[in-house]
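> Fold the following, please.
(one chain, ligands or ions: 2)
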Amino acid sequence: MDCIFCKIINKEIPSFILREDDDFLVILDRFPASVGHTLIISKTHSEDIFSIDRGILKKAMPLALDVANKLRVLNFDGLNIVQNNRKAAGQTVFHFHMHLIPRWEGDSVPINFAGREVSVEELEELRDRIINA
Ligand code: AMP
Ligand code: ZN
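Residues are numbered from 1 along each chain as shown. Ligands and ions are numbered 1, 2, ... in the order given. Presented below is the predicted three-dimensional model:
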């Protein structure tokens with residue numbers, strides 16, 4: 001399989017490793033959105049959140065917190081935790097991973113979005129569709 005993250009996990013491609021355990025490799029992003037942009041990559045190849053093992057997934061957020069606490073040495077003002085699934089959502093490497101993106105006031109990293117006005121009716125219909133699915 002031609003997966004760049006599998007190659008990184010297998011040490012076929014070099015990376016800047018911050019931490020490693022049985023389930024995850026934590027590395028610096030090679031093309032960082034901000035200083036300290038970090039990736040938490042599952043060791044098993046799953047394309048995205050829809051296919052990853054739930055047991056592994058359960059360990060991801062506590063690990064993200066531990067790594068986030070280490071990143072605090074960078075004195076960030078804020079931190080985004082981002083996890084993209086599928087091309088339409090901006091996923092480019094189709095192997096489950098989470099982004100930890102340190103943020104500073106006024107840094108203009110393009111993550112944040114503006115909401116649009118919608119009617120109460122639209123939200124009611126949507127709620128019912130999702131609940132009843
Ligand atoms: P995503 O768009 O959510 O799939 O994120 C993929 C991330 O992998 C991007 O932030 C890339 O900068 C990063 N990336 C791509 N190639 C490498 C690499 N060789 N080492 C580290 N990070 C990489
Ligand atoms: Zn992979």
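
> Residue 95 touches residue 47, doesn't it?
Yes. With contact defined as Cβ atoms under 8 Å, residue 95 counts as touching residue 47 (6.9 Å). For every residue, glycine as well, the C-beta is placed using N, CA and C.

> Which one's more surrounded, those two?
Counted by other Cβ atoms under 10 Å, residue 95 and residue 47 do not tie: residue 95 has more neighbours, with 22 against 15.

> And for the longest helix anywhere in the chain, what's in contact with it?
The residue-count maximum for a helix in the chain (DSSP state H) belongs to helix 54-71. Contacts to helix 54-71, defined as Cβ atoms under 8 Å, 6 or more residues apart in numbering, come from residues 18-19, 21, 23-24, 26, 36, 38, 40, 42, 44, 46, 49, 79, 81, 98, 100, 102.

> mind listing what's buried in it?
In terms of neighbour count (16 or more other Cβ atoms under 10 Å), helix 54-71 has its buried residues at 56, 59-60, 63-64, 67, 71.

> what is the mean pLDDT for stretch 9-27?
Taken as a whole, stretch 9-27 has a mean pLDDT of 98.

> Quick check: residue 95 vs residue 18, distance?
Here the criterion is Cβ to Cβ, to the nearest Å. By it, residue 95 lies 18 Å from residue 18.

> Dihedrals phi and psi, the residue nearest to the spatial centre of the chain?
In the chain, the centroid-proximal residue (Cα atoms, centre = their mean) is residue 98; its distance is 2.0 Å. The phi and psi values for residue 98, taken as degrees, to the nearest 10, are phi -120, psi 140.
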